[in-house]
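Engineer: sharing a sequence plus its predicted fold:
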Amino acid sequence: MNNATALRIGGWLLIPLAWLLMTLLSTSLGIVMYIMALSTPEAHQALAAQLPQTVVMWYLSLVFTVAMWFYSLWLVIAFFKRRSKVPRHYILWLLICVLLAVKAFAFSPVTDAIAVRQLLFPLLAAAVFAPYFRKSQRVKHTFVNT
């Protein structure tokens with residue numbers, strides 16, 4: 001199937017694309033918050049006062065946020081170019097989102113209601129969109145470029 005006969009991105013595919021774009025936006029805001037924290041002397045003093053394990057976890061969170069941002073950006077570009085690898089990588093991206101939500105659920109000092117709400121949306125998205133990306137003919141006919 002060539003580019004002329006491939007379907008455009010539309011229909012139900014707009015919802016996973018919106019989810020992907022919103023995640024890209026939220027990780028961008030997260031990176032800005034990390035940069036703002038790193039640019040203040042108060043943050044350096046606060047980090048220095050923490051246990052070494054806490055500092056390591058903070059920097060690991062920064063690394064994971066940057067990695068997720070780059071992966072989301074690459075996936076957005078591949079999505080708009082309708083690359084054939086998008087369905088497999090979108091499912092992988094959804095699973096990573098679920099794992100990050102489970103990590104936040106387990107290790108964040110937030111109330112259970114907030115943690116469950118943060119876990120609910122990635123789980124729901126993975127439960128709906130992973131089978132859709134595996135079985136849908138629309139997906140198979142849209143992502144055809146190599």
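Structural biologist: That came through fine. Residues are numbered from 1 along each chain as shown.
Engineer: show me what the helix or strand where Leu20 lies is packed against.
Structural biologist: Per DSSP states H and E, Leu20 falls inside helix 14-38. Packing partners of helix 14-38 (3 or more C-beta pairs under 8 Å, 6 or more residues apart in numbering; DSSP states H and E): helix 52-80, helix 86-107, helix 112-135. The C-beta positions use only the backbone N, C-alpha and C, and glycine is treated the same way.
Engineer: quick one: low-confidence ranges for the chain?
Structural biologist: 1-6 (pLDDT under 70).
Engineer: try it again at 90.
Structural biologist: 1-12, 34, 36-61, 100-119, 121, 144-146 (pLDDT under 90).
Engineer: endpoints of stretch 73-92, how far apart?
Structural biologist: For stretch 73-92, the first-to-last residue distance is 14 Å (C-alpha to C-alpha, to the nearest Å).
Engineer: may I see the buried residues of it?
Structural biologist: Neighbour counts over stretch 73-92 (16 or more other C-beta atoms under 10 Å) mark Leu75, Val76, Ala78, Phe79, Arg82, Arg83, Val86, Pro87, His89, Tyr90, Ile91 as buried.
Engineer: and for stretch 16-29?
Structural biologist: Result for stretch 16-29 [16+ other C-beta under 10 Å]: buried residues Pro16, Leu17, Trp19, Leu20, Thr23, Leu24, Thr27.
Engineer: C-alpha coordinates for it, CSV please?
Structural biologist: Provided in CSV are the C-alpha atoms of stretch 16-29 (Å, rounded to 0.1, in the frame of the first residue of the first chain):
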residue,chain,number,x,y,z
PRO,A,16,-4.9,8.3,20.9
LEU,A,17,-3.2,11.2,19.2
ALA,A,18,-4.7,13.7,21.6
TRP,A,19,-3.6,11.5,24.5
LEU,A,20,-0.1,11.4,23.1
LEU,A,21,0.0,15.1,22.5
MET,A,22,-1.2,15.8,26.1
THR,A,23,1.4,13.5,27.5
LEU,A,24,4.1,15.4,25.5
LEU,A,25,2.8,18.7,26.8
SER,A,26,2.7,17.4,30.4
THR,A,27,6.2,16.0,30.3
SER,A,28,7.3,19.3,28.8
LEU,A,29,5.9,21.1,31.8
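Engineer: lovely, talk soon.
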